[in-house]
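Undergrad: Just a sequence and a predicted model for now, questions to come.
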Amino acid sequence: MTQLTSVTVRGVRWTYLSSAAGIAVQIPYSAAMARLLTPEDFGLMALAHLILRFAHNFAQGGLRSAVVQRPSLTDRDVRVVFTLALVVGTLSFSAIWLAAPYAAELVHGPAELTRVIRATALMLIFMALGAPANGLLGRGMRYRAIAVCDFCSFVVGYCVTGITSALLGAGVWSLVYGTLGWYGLQALLPYALVRHSVRPLFDLRAMRDVMRYGGKVSVNGFLEYLTDDFGKLAIGRYVGVAATGLYDRAALLASLPLLQIQQAASKVLLPAFSRIQHETSRLGTSHADCVSLTTLVLFPLWAVIGASSTQLVALLLGGQWGGSAALVPILGLASAVGLVAQFSGTLVEALGAVGGKVAIHLVQLVVVVAGTAVALFLGGGVHRLMVAVLVGYLVKQTLFHVWLNRLFPATRRLVAQAYAQAAALTALIWLALWTVQQALGDGCPVALILTAKLSVAGALLLGCVRYGSGLHGMRVARERGLLPRKLTRERLREAC
């Protein structure tokens, strides 16, 4: 195992540990907030985030990625990036402040939505100012520090602030305060570790050089925003605020573990891929390994969530969120497909080939917009809108794989094999959980049904870990040391 591989594996372990801890906190937090607030409160915040994501990527300006990906970086470059962050963050906040009333009218939101948008827009300044420090931590592969900062900012800034405010009767504003606390600490804690210079340096030539790459990353992020949230925009405008709240909680439940896994890995993979961006053979191998691992993790996990959606919604969110249960399976599948595509996008980003990524996102956007128009014309409601989003993700992932298969033709067989193996395992898990549901019947207590399903799914996944040496993704996990040896069959043989 090379030094880079060893550092990357340790980074994956730290980021996944942070993600697992975050999920352990997020689940009871979401359960508590679902009982303290109403669907209308979550709907308002979801619509506010929908508007803010319009400027989200421009606030960062691709600056974090630019800091990580640059072949060389000086203190002067860091000062330029920080100055650019200050300018871009301030402009983004000002633009959202002025546009808030018109944005609220666009989605047919109540008057309070304007105030919520304007207050939450402060996060754009926090995000921009924190981008250089976060980029420096990623560039230095200080994954333990990144994991600790992420976890502390989420728990203290978001969860503690949000629940305290909700208990005091702040309503939707508890979500606003939690969001601002979260992003504020995400900027402050990394800076406290790297202490880069905050003296402004206006160098237009250097700024253009940074934005040549970072700007393309921002455009990609903006297109991802449009494709990811176009369905939510349509729901907010044509169905209502309460329906948007139901959609938002369903999306959280469907994608929470999947998204945590993707975000954790992306923080590690971009710096690692950037270090070997000129070594084609190693990049090809890394591409095949990532596809094998991500499909083998994300799709079976989606099967567990989707097949248990009714029980998860009832126990975690409560009776008022029953309408979310039917949305979880399709949202989970769309999330899984989209997150696998994100890994392909990370590889392309590390190569610096951001222009092709823009083209793929444009195609996806056209598909989603056309599908949404058809869904609204047919009057199919939220479910048909989600199908349009899912089709868009499938098109995006297909285009990424066509491109990467041309770049790395030697990996085609392994990539196809990875999808086939993940699909087989996913179908097995879904069938097993459906059988459990049929055996216990609807009259059985919800908690007992969920416990039985999770036990069966856990047994199947444990068996896969111990005896799944024929799965390429499992072999990669073992070779890279991503699995505890006591869980593998090789460890059992040594013990004998």
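TA: Okay, I see it. Keep in mind that what you see is a predicted model, and the values were worked out from it rather than measured. Numbering: from 1, shown residues only.

Undergrad: In the stretch 151-300 of the chain, where is pLDDT below threshold?
TA: Applying pLDDT under 70 to the stretch 151-300 of the chain picks out residues 210-243, 245-246, 254-280.

Undergrad: now with 80?
TA: Applying pLDDT under 80 to the stretch 151-300 of the chain picks out residues 203-287, 289-290.

Undergrad: Could you pull out the helices in it for me?
TA: Assigned by DSSP state H, counting those that start in this stretch, the helices in the stretch 151-300 of the chain fall at 161-167, 172-194, 204-238, 241-275, 280-307.

Undergrad: now swap in the stretch 301-450 of the chain and tell me
TA: Along the stretch 301-450 of the chain, the stretches classed as helices by DSSP H, counting those that start in this stretch are 309-316, 328-351, 354-378, 381-407, 412-440, 446-467.

Undergrad: quick one: which of those helices is nearest residue 92?
TA: helix 354-378 (20.0 Å; Cβ to Cβ). In this view, the C-beta of every residue, glycine as well, is placed from N, C-alpha and C.

Undergrad: Could you pull up the residues touching residue 142?
TA: Counting by Cβ atoms under 8 Å, 6 or more residues apart in numbering, residue 142 touches residue 193.

Undergrad: any idea which of the helices of the stretch 301-450 of the chain scores lowest on pLDDT?
TA: Here the lowest mean pLDDT among the helices of the stretch 301-450 of the chain goes to helix 328-351, at a mean of 76.

Undergrad: Give me the neighbour count for residue 420.
TA: For residue 420, the neighbour count with other Cβ atoms under 10 Å is 11.

Undergrad: what's the answer for residue 249, then?
TA: Look at residue 249: counted by other Cβ under 10 Å, it has 26 neighbours.

Undergrad: Was I right to think it contacts residue 43?
TA: No. Using Cβ atoms under 8 Å, residue 249 makes no contact with residue 43, being 9.5 Å away.

Undergrad: any idea how far residue 432 is from residue 329?
TA: Distance of residue 432 to residue 329, given as Cβ to Cβ, to the nearest Å: 16 Å.

Undergrad: Please say which of those two ends up with more neighbours.
TA: A count of neighbours by other Cβ under 10 Å puts residue 329 above the other of residue 432 and residue 329, at 20 against 17.

Undergrad: Verify the stated contact: that one with residue 304.
TA: No. Counting by Cβ under 8 Å, residue 304 is not a contact partner of residue 329; they are 11.1 Å apart.

Undergrad: Tell me how many other residues crowd the closest residue to residue 394 other than its chain neighbours.
TA: Residue nearest to residue 394 in three dimensions, not counting chain neighbours: residue 337, with 5.9 Å by Cβ to Cβ, 6 or more residues apart in numbering. When neighbours are defined as other Cβ under 10 Å, residue 337 has 24 of them.

Undergrad: Same question for the one 5 residues further on.
TA: Burial of residue 342, expressed as a neighbour count using other Cβ under 10 Å, amounts to 21.

Undergrad: for residue 126, same thing?
TA: 23.

Undergrad: what about it, which helix or strand?
TA: Taking DSSP states H and E as the definition, one finds residue 126 inside helix 122-139.

Undergrad: Would you mind getting the angle between that helix and helix 172-194?
TA: For helix 122-139 against helix 172-194, the angle by axes from the mean of the first three to the mean of the last three Cα atoms, to 10 degrees is 30 degrees.

Undergrad: how far out from the middle of the chain is helix 122-139?
TA: Centroid separation between helix 122-139 and its chain, computed with Cα atoms, centre = their mean, to the nearest Å, is 17 Å.

Undergrad: could I have it exported to CSV, CA atoms only?
TA: Output of helix 122-139 as CSV, limited to C-alpha atoms (Å, rounded to 0.1, in the frame of the first residue of the first chain):
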residue,chain,number,x,y,z
LEU,A,122,-26.0,35.2,6.3
MET,A,123,-24.8,31.6,5.9
LEU,A,124,-23.6,32.6,2.4
ILE,A,125,-21.0,34.9,4.0
PHE,A,126,-20.0,32.2,6.5
MET,A,127,-19.5,29.7,3.7
ALA,A,128,-17.4,32.0,1.5
LEU,A,129,-15.1,33.1,4.4
GLY,A,130,-14.6,29.5,5.5
ALA,A,131,-13.8,28.1,2.0
PRO,A,132,-10.0,28.9,2.1
ALA,A,133,-9.5,27.3,5.5
ASN,A,134,-11.5,24.2,4.6
GLY,A,135,-9.6,24.0,1.4
LEU,A,136,-6.2,24.2,3.2
LEU,A,137,-7.3,21.4,5.6
GLY,A,138,-8.3,19.2,2.6
ARG,A,139,-5.2,20.0,0.6
